[in-house]
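Enquirer: got a structure for you, letters missing:
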Ligand code: PHE
Ligand code: FE
């Protein structure tokens, strides 16, 4: 199968594009020092390149290779799901090469190189999370045979993109979608609006999500070991079949069986609907 990999062409970035990376990087590092999971903060070291600006994927991949056998490769925007899964299954993380424009500094619709690399590369250094990402890729290819990509995608969304993790008595963020966003890294941990629920595989695979605003639910894992074990030790085949008979769960809904850590006010989402 074609892998869709293109050259990053690092030398073609402008000074302004490199400066945008440096601005975003400094802003997020300051916000994350007391918000991100310790493993994420440790992994951030992998992004301190020999040259300032947008990381050169070749140098970054050499470092990831040495740590956990991963690499980061450039692809042109959105790629077919099968190609995404196939790359993950081979320990290649696919990233966009473009960076947001100044007017998009706080919000953009498509993931750019800052989201993809700043958000995702740090945890690829963590041996257990690195294995989870590969297992997810293999699981993705398998989900296609069951027509259940949609369910598995929710697992990615609520862990890899928007996951929270217990840290002593408190919570920390590890999801890339939170870590790369200045506003959501505050909202996800500090706001009383969203629900924070204990990680529950079946529940997550039934839960809808928002792509246009802050999440209304975050799911909290105890550890990356727990996440890897629960997903690896479960045969998703029968699970996909079983879930077909159950209704989806709307965003922001709490069910009787949920293990609720914080019951959100949902004031943020309610405010958005009225305006
Ligand atoms: N155990 C899953 C399956 O049977 C594969 C998987 C592992 C999916 C880890 C996601 C994460 O399909
Ligand atoms: Fe992402």
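Expert: Nice, thanks for sending it over. Worth saying up front: this structure is predicted, and the values here are computed from it rather than measured. Ligands and ions are numbered 1, 2, ... in the order given.
Enquirer: which residues touch whichever residue of the stretch 101-250 of the chain sits closest to ligand 1?
Expert: For the stretch 101-250 of the chain, the residue closest to ligand 1 is residue 139, as judged by C-beta to the nearest ligand atom, at 2.5 Å. (Each C-beta comes from the backbone N, C-alpha and C, glycine too.) Residue 139 makes contact with 152, 231, 236 under the criterion C-beta atoms under 8 Å, 6 or more residues apart in numbering.
Enquirer: neighbour-wise, which of those residues leads?
Expert: Among the contacts of residue 139, the one with the most neighbours (other C-beta atoms under 10 Å) is residue 152, at 22 neighbours.
Enquirer: The residue nearest to that residue when sequence neighbours are not counted: which element?
Expert: Using C-beta to C-beta, 6 or more residues apart in numbering and skipping residues adjacent in sequence, the residue nearest residue 152 is residue 143, 4.2 Å away. Assessed by DSSP states H and E, residue 143 sits inside helix 127-145.
Enquirer: Flag every residue of the stretch 51-200 of the chain that's near ligand 1.
Expert: Proximity of the stretch 51-200 of the chain to ligand 1 (C-beta under 6 Å from any ligand atom) is limited to residues 135, 136, 139, 142.
Enquirer: To what extent is the closest residue to the first one other than its chain neighbours buried, counted in neighbours?
Expert: Leaving aside its chain neighbours, residue 135 sits nearest to residue 232 (5.5 Å; criterion: C-beta to C-beta, 6+ apart). Taking other C-beta under 10 Å as the criterion, the count of residues near residue 232 is 13.
Enquirer: pLDDT score assigned to residue 232?
Expert: Looking at residue 232, its pLDDT stands at 96.
Enquirer: What of the one 10 residues further on?
Expert: According to the model's per-residue confidence, residue 242 sits at a pLDDT of 97.
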